[in-house]
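[1] Here's a sequence, model it:
(2 chains)
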Amino acid sequence: MTRIADPARALRLARAVVSDIVLYHPELVREGLANDDLFERMASELKEGRDYFDERVEADTARTTNAWNRALVDVLVARNKHVRSRLW
Amino acid sequence: MRPFSDQTHYEILEVARDANAEQIERAYRIARATYSADSLATYSVYDDKEVSALQERIELAYSVLRDVDQRAAYDATLGGEPRVELALSFADESEDELEAAPEIRGFEESVYEGGVDGARLRRWRMARGIELERIASATKIGASYLKSLEEEDFAALPATVYVRGFVTAYVRAVGLDADRVVPIYMQRVLAARPEKPARPVVRRAR
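    The predicted model follows:
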């Protein structure tokens, strides 16, 4: 399958993947934020999502857009600010 | 005037398609009072059987329109102008751009050729980079229901008539042909579980 080269599409895919991770693992997200160990606690889920993203997106596009990390911040962290956490 | 049985829930309550909850509540109260068994408005116009049928239609219309999920599913079955914008992914890019996207090209035909199931729908959605939460927000169908569609967790879904509406809304939102996809998916639903009753039974007090 041809990989995504368009930056906007890469970012949209990253957000869709991260959004699904949040939807499928709400408890892990809540516990991870509450205990400030989000990325350790969700390591396997995030790796699976990142692998899928990397399979679909051209390496240059992924690197130059920083789409995956932006999606983590925008979707995984920022959308869950209602969770009580030491992070904020 | 068309028979009551042919009228939409909106026509029954005499509200617009975009009526808000307060307007629906008010219209329901008026309709219920107008068509009560001892109402002067219905006296000599309808017989007991007709009044009973009318009351049932009013209760059904209200029960659907006051519930966000049921209303979204019902709206999806009406066709015409949707109450919400469903074609989510197309707002920020033209169809030409989508056609040109190499990761999309050919995927749609593969969905049809390979049959349609929840996992394939999810893969299609992901290929287009559409968040489930975004579909939920636009269609007013709970994300948990949409997730259940993709997971084929049919036991978690409501009555079949509503599932059909959910599937239709979802399929349109992700840019697939509802006429082709919905019947295939619904066969899977119907094969997996018996029909659930679509509406409450309303009994007239005597």
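[2] Could you point out the longest helix of chain A?
    Taking DSSP state H as the criterion, chain A has its longest helix at helix A:7-24.
[3] What lies in contact with that helix?
    Applying C-beta atoms under 8 Å, 6 or more residues apart in numbering or on different chains, the external contacts of helix A:7-24 come out as A:4, A:29, A:42, A:45-46, A:49, A:52-53, A:56-58, A:61-62, A:64-65, A:67-68, A:70-72, A:74-76, A:79-80, B:101, B:103, B:125-126, B:129-134, B:143, B:147. For the C-beta atoms, the positions are set from N, CA and C on the backbone; glycine is no exception.
[4] Check stretch B:126-144 too.
    Identification of contacts with stretch B:126-144 by C-beta under 8 Å, 6+ apart yields A:9, A:12-13, A:15-17, A:19-20, A:23, A:52, A:56, A:75, B:68-69, B:71-73, B:76, B:84-86, B:88-89, B:103-104, B:107, B:125, B:146-147, B:150, B:156, B:166, B:169-170, B:173-175.
[5] cool, stretch A:41-61 as well?
    The contact list for stretch A:41-61 (C-beta under 8 Å, 6+ apart) reads A:1, A:3-7, A:10, A:13-14, A:17-18, A:20-21, A:24-25, A:28-29, A:31-32, A:35, A:39, A:62, A:67-68, A:72, B:103, B:126-127.
[6] Pull out the buried residues from the residues you listed.
    Among the contacts of stretch A:41-61, the ones that count as buried by 16 or more other C-beta atoms under 10 Å in any protein chain shown are A:3-4, A:6, A:10, A:13-14, A:17-18, A:20-21, A:25, A:28-29, A:32, A:62, A:67-68, A:72, B:103, B:126-127.
[7] Counting neighbours, what do you get for B:D179?
    By other C-beta atoms under 10 Å in any protein chain shown, the residues close to B:D179 number 9.
[8] now swap in A:D60 and tell me
    A:D60 - counted by other C-beta under 10 Å - has 10 other residues nearby.
[9] Now it: phi and psi?
    Phi and psi for A:D60, reported as degrees, to the nearest 10, are phi -60, psi -40.
[10] Check B:T8 too.
    Dihedral angles of B:T8 (phi, psi; degrees, to the nearest 10) stand at phi -80, psi 170.
[11] residues near the spatially closest residue to A:D74 that is not a sequence neighbour, how many?
    Closest residue to A:D74 apart from its sequence neighbours, by C-beta to C-beta, 6 or more residues apart in numbering or on different chains: A:R15 at 6.6 Å. By other C-beta under 10 Å, 23 other residues sit near A:R15.
[12] and if you look at A:E55?
    So A:E55, with other C-beta under 10 Å, has 9 neighbours.
[13] now it: how far from A:R30?
    For A:E55, the distance to A:R30 (C-beta to C-beta, to the nearest Å) stands at 29 Å.
[14] do the same with A:S85
    9 Å.
[15] Point me to the helix or strand that includes the most centrally placed residue in chain B.
    With distances taken as C-alpha atoms, centre = their mean, B:A73 lies nearest the centre of chain B, 1.4 Å away. According to DSSP states H and E, B:A73 maps onto helix B:68-78.
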